[in-house]
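Chemist: Pasted the sequence and its predicted model underneath.
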Amino acid sequence: MKEIERLKEILGSTKKIVIVPHKSPDGDAIGSCLGLHLYLKQKGHQSSVVAPNDYPKFLKWLPEEDTIVNFEKDHEKAENLIEEAELVFTLDFNHLSRSGGLEEHLSKSDATFVMIDHHQQPDDYATFTYSDAAMSSTCEMVFHFLKKLGEEETINKEIATCLYVGIMTDTGSFRFASTTSTTHRVIATLIDKGAKNASIHQQVFDTNSYERMQLLGVALNNMKVLPKYKTAYITLSQKELDTHKFKKGDTEGFVNYSLGVEGIKFAAIFIEDAEQEIIKISLRSKGDFDVNKVAREHFDGGGHINAAGGKSEKDLKETAIYFESILEAYKNELQQ
């Protein structure tokens with residue numbers, strides 16, 4: 001509460017503020033940034049959201065989304081905003097390395113940093129740190145943050161919509177274990193504030209292109225199940241992505257289809273990125289099997305116990321072979 005009081009004092013006068021999500025931002029990152037941005041604007045601050053790169057089309061309807069500055073497309077504007085910022089909020093990540101090309105500029109900034117994040121093992125770059133790995137999403141944390149500031153009454157339909165999107169997407173539509181009774185109470189409040197739950201769900205999940213559905217078919221056809229390890233994984237090559245006119249966000253949620261196979265406890269997807277010369281990896285699990293540990297130990301990544309990501313510099317085939325080779329070490333955990 002002492003930190004909250006200090007931050008309230010800082011926010012008591014108009015500030016130049018920049019809000020930054022992680023690289024390749026998802027629903028929770030964009031939702032939390034826009035929700036906080038809308039609140040800060042309402043209080044008279046000069047607030048801007050600066051994203052390291054682009055984000056999925058299914059998020060490009062959110063309130064104020066068109067004001068987000070994309071660093072990859074507008075280096076100069078993004079750099080100037082960070083250079084002039086008095087306060088920088090970093091949302092949904094806890095290491096500056098997760099900010100992609102913005103890391104260099106954030107590291108040089110003289111601004112006061114505020115971290116709001118729900119991933120494990122936070123770094124110590126921020127003056128104010130609100131970190132809770134048990135929380136469902138950063139959007140839920142932004143709700144609690146506004147409540148701690150005594151500003152719950154400022155949450156309007158637009159802010160509620162942004163926060164609802166992030167909680168919904170990061171909880172897998174409220175089915176992951178991180179969804180608590182408190183999460184549901186927050187969601188109820190957001191609906192009361194004007195968030196249209198059915199409409200939001202349709203905007204995010206029910207606007208699939210024909211090409212994305214065809215790509216999903218390829219992904220499911222490529223799925224490999226390893227009953228011995230209660231594991232299933234999907235591979236997608238760059239050629240397969242190109243054939244189906246892949247756009248950012250098209251593979252969102254594909255890994256969950258592997259986890260939905262009966263008897264599967266551990267799921268992965270390996271997606272070739274020829275431009276970056278890496279294989280992008282998403283890991284998911286059920287129960288207490290810790291994919292954050294797997295991502296950190298083997299794939300230069302991290303995340304949560306049941307959801308993590310990483311990368312591989314091997315080719316797609318070698319990555320899959322390596323993945324299968326490490327499963328023996330986790331066999332006992334996976335059989336529990």
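Modeler: Yep, that arrived.

Chemist: In the chain, mark out all the strands, start to finish.
Modeler: Per DSSP state E, the chain carries strands over the ranges 16-20, 46-51, 69-70, 87-91, 112-117, 128-131, 224-226, 231-236, 266-273, 278-285, 302-303, 307-312.

Chemist: now the fourth one: mean pLDDT?
Modeler: Taken as a whole, strand 87-91 has an average pLDDT of 98.

Chemist: likewise the first one?
Modeler: Average pLDDT, strand 16-20: 98.

Chemist: strands paired with that strand, and their directions?
Modeler: Strand 16-20 pairs in its sheet with strand 46-51 (parallel), strand 87-91 (parallel), by DSSP bridges.

Chemist: So which of the ones you listed is the most surrounded?
Modeler: Comparing these on average neighbours per residue, with mean count of other C-beta atoms under 10 Å, the densest one is strand 87-91 at a mean of 26. Backbone N, C-alpha and C define where each C-beta goes, glycine included.

Chemist: thinking again about what came up before, I'd like the strands of the chain laid out as TSV, including distance to residue 164.
Modeler: As requested, the strands of the chain are arranged in TSV below (distance: least, C-beta to C-beta, whole Å):
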stretch	distance to residue 164
strand 16-20	18
strand 46-51	18
strand 69-70	24
strand 87-91	16
strand 112-117	17
strand 128-131	20
strand 224-226	35
strand 231-236	29
strand 266-273	26
strand 278-285	22
strand 302-303	22
strand 307-312	19
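
Chemist: if we can go back for a sec, make JSON lines from the strands paired with strand 16-20 and add distance to residue 307 to it.
Modeler: Shown next, in JSON lines, are these (distance: least, C-beta to C-beta, whole Å):
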{"stretch": "strand 46-51", "distance to residue 307": "21"}
{"stretch": "strand 87-91", "distance to residue 307": "17"}
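
Chemist: Of all those, which one is nearest residue 80?
Modeler: Ranking these by their distance to residue 80 (criterion: C-beta to C-beta) puts strand 46-51 first, at 10.0 Å.

Chemist: Domain map for the protein?
Modeler: Taking the TED database as the reference, the chain has its domains at 1-206, 212-335.

Chemist: can you tell me which of the strands of the chain the model trusts least?
Modeler: When mean pLDDT is averaged over each of the strands of the chain, strand 302-303 scores lowest at a mean of 88.

Chemist: Parallel or antiparallel, list what pairs with that strand.
Modeler: Here strand 302-303 is paired, per DSSP bridges, with strand 307-312 (antiparallel).

Chemist: contact partners of the strand it pairs with?
Modeler: Around strand 307-312, the neighbours that count as contacts under C-beta atoms under 8 Å, 6 or more residues apart in numbering are 176, 270, 278-285, 291-292, 294-296, 298-303, 318-319, 322.

Chemist: Kindly recompute the last result at 7 Å.
Modeler: Residues from elsewhere that reach strand 307-312 (C-beta atoms under 7 Å, 6 or more residues apart in numbering): 278-284, 291-292, 295, 299-303, 319.

Chemist: Please apply the same query to stretch 199-208.
Modeler: Surrounding stretch 199-208, the residues in contact under the criterion C-beta under 7 Å, 6+ apart are 27, 58, 61, 161, 164, 165, 168, 169.

Chemist: can you pick the most crowded of those residues?
Modeler: Ranked by neighbour count (other C-beta atoms under 10 Å), the contacts of stretch 199-208 have residue 165 at the top, with 30 neighbours.

Chemist: Tell me how far that residue lies from residue 271.
Modeler: Distance of residue 165 to residue 271, computed by C-beta to C-beta, to the nearest Å: 23 Å.

Chemist: So what pairs up with the spatially closest residue to residue 130 that is not a sequence neighbour in the strands?
Modeler: Nearest in space to residue 130, with sequence neighbours left out and distances taken as C-beta to C-beta, 6 or more residues apart in numbering, is residue 116 at 4.8 Å. With DSSP bridges applied, residue 116 shows beta-bridge pairing to residue 91, residue 130.
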